[in-house]
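Undergrad: Build the 3D model from these lines:
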Amino acid sequence: MVKKKKKKTKIKKQIKIQKNKKATTTQKSSAQDDKIPIKKIKKQPTEKKQYIVNQYIVYPKHGVGQIISIEKATIGGIEINFYKVLIKKDKLTLTIPINQQSNLRSISSINQINKCVSILKSKPKIKRTMWSRRAQEYEQKINSGKIYDLAEVVKDLNKNANTIADQSYSERQLFEKAYDRLSSEFEVVLKASVEDVRKKMDKALGRTENIEAQ
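TA: Numbers count the residues shown, from 1 in each chain. Coordinates of the predicted model:
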C-alpha cells in the first residue's frame, strides 16, 4: 500500500511539472507574439561633393588650392578620375583621385571667417605641458584643415612686440605656418589683397608694426 501511494504522488508531481512547462511555453509564445518587430533604419548614403574647374578648395596638408583640371587615367586596367589642384604658395600641383576627395573641403563662408576673427581677438590659452607635446598638438591642428583650429593655433602662438624675443624658433615657425594658411583662405573668401588681409588679422591679434620689422 505504501508503494502504491508513493507511485501516485510521483505521478501527480510529474503531471504538475508538465502543466507548469506548458504554461511557461504558452506565456513565452504569447510574449513573442506581442513583440513588435523592429525594422533597422538604413542610413542614407552621403552624397559626394562635386568640385569644378577653377574652384578653390582646401587640402589639409597644404592649405588653399585651386582645381585647374579634372582628368582621367587608366591605371592597372582601372579608369580613375582625378582633380589636378594647384597650391600657388608652395608652387605645387597635386593629383587627387575623386574617390579620395574626403581629404578636400570647400573654402569657408564669410560667417566662418568672421568667427575666426573673433577667435583671434580672444585670449590665448596658456598650457603648462612640455613644448614638444604642445608643438605636436599645434602641428596636428594645422594639418587638420579645419579653419577654426588654424585660428586657435595663430591666437595661442601670437606674441606682441614686447615678448616676441622670448619666442623660440620652432614656435615662430609653427605660428608663421598657421598664419599663412589662415591668411590665404581669408584672401580667397574676402577677395582681398595680402596686405589688407594681414592688416585685418594683425588688428584682431593686437599685433603692432614693430613685429613685422623684427
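Undergrad: What helix or strand is K115 located in?
TA: Per DSSP states H and E: K115 is located in helix 110-121.
Undergrad: Which positions within stretch 168-188 qualify as buried?
TA: Using 16 or more other Cβ atoms under 10 Å as the test for burial, stretch 168-188 gives 171, 174-175, 177-179, 181-188. Backbone N, C-alpha and C define where each C-beta goes, glycine included.
Undergrad: if we can go back for a sec, could you say what helices and strands the helix holding K115 packs with?
TA: If you count contacts as 3 or more Cβ pairs under 8 Å, 6 or more residues apart in numbering; DSSP states H and E, helix 110-121 packs onto helix 147-157, helix 169-190, helix 194-205.
Undergrad: Give me the angle between the helix or strand that comes right after that helix and helix 147-157.
TA: Using DSSP H and E, the helix or strand that follows helix 110-121 towards the C-terminus is helix 131-144. Interaxial angle, helix 131-144 versus helix 147-157 (axes from the mean of the first three to the mean of the last three Cα atoms, to 10 degrees): 150 degrees.
Undergrad: Please spell out which residues along helix 131-144 are buried.
TA: Along helix 131-144, these residues count as buried under the neighbour rule (16+ other Cβ under 10 Å): R134, A135, Y138, K141, I142, N143.
Undergrad: now for the residues you listed, which pair is the farthest apart?
TA: R134 and N143 (15.1 Å; Cβ to Cβ).
Undergrad: If you count contacts, what does the lengthiest strand in the chain end up packed against?
TA: Longest strand of the chain, by residue count under DSSP state E: strand 63-75. In terms of contacts (3+ Cβ pairs under 8 Å, 6+ apart), strand 63-75 is packed against strand 56-59, strand 78-87, helix 169-190.
Undergrad: hmm, try it at 10 Å
TA: The contact analysis (3 or more Cβ pairs under 10 Å, 6 or more residues apart in numbering; DSSP states H and E) places strand 63-75 against strand 56-59, strand 78-87, strand 92-97, helix 169-190.
Undergrad: Rebuild those as CSV, extending it with distance to N103 and mean pLDDT.
TA: Putting these into CSV (distance: least, Cβ to Cβ, whole Å; pLDDT from 0 to 100) gives the following:
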stretch, distance to N103, mean pLDDT
strand 56-59, 6, 95
strand 78-87, 10, 92
strand 92-97, 7, 92
helix 169-190, 15, 95
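Undergrad: right, so of these, which gets closest to K123?
TA: K123 lies closest, by Cβ to Cβ, to one member of those: helix 169-190, at 16.5 Å.
Undergrad: how big is the angle separating the closest one from helix 131-144?
TA: Going by the same axes, to 10 degrees, helix 169-190 makes 20 degrees with helix 131-144.
Undergrad: Now do helix 169-190: distance to the chain's middle.
TA: 19 Å (Cα atoms, centre = their mean, to the nearest Å).
Undergrad: any chance of the helices and strands packed on helix 110-121 in JSON lines, plus distance to G77?
TA: Formatted as JSON lines, the helices and strands packed on helix 110-121 follow (distance: least, Cβ to Cβ, whole Å):
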{"stretch": "helix 147-157", "distance to G77": "40"}
{"stretch": "helix 169-190", "distance to G77": "38"}
{"stretch": "helix 194-205", "distance to G77": "46"}
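Undergrad: Understood, closing this out.
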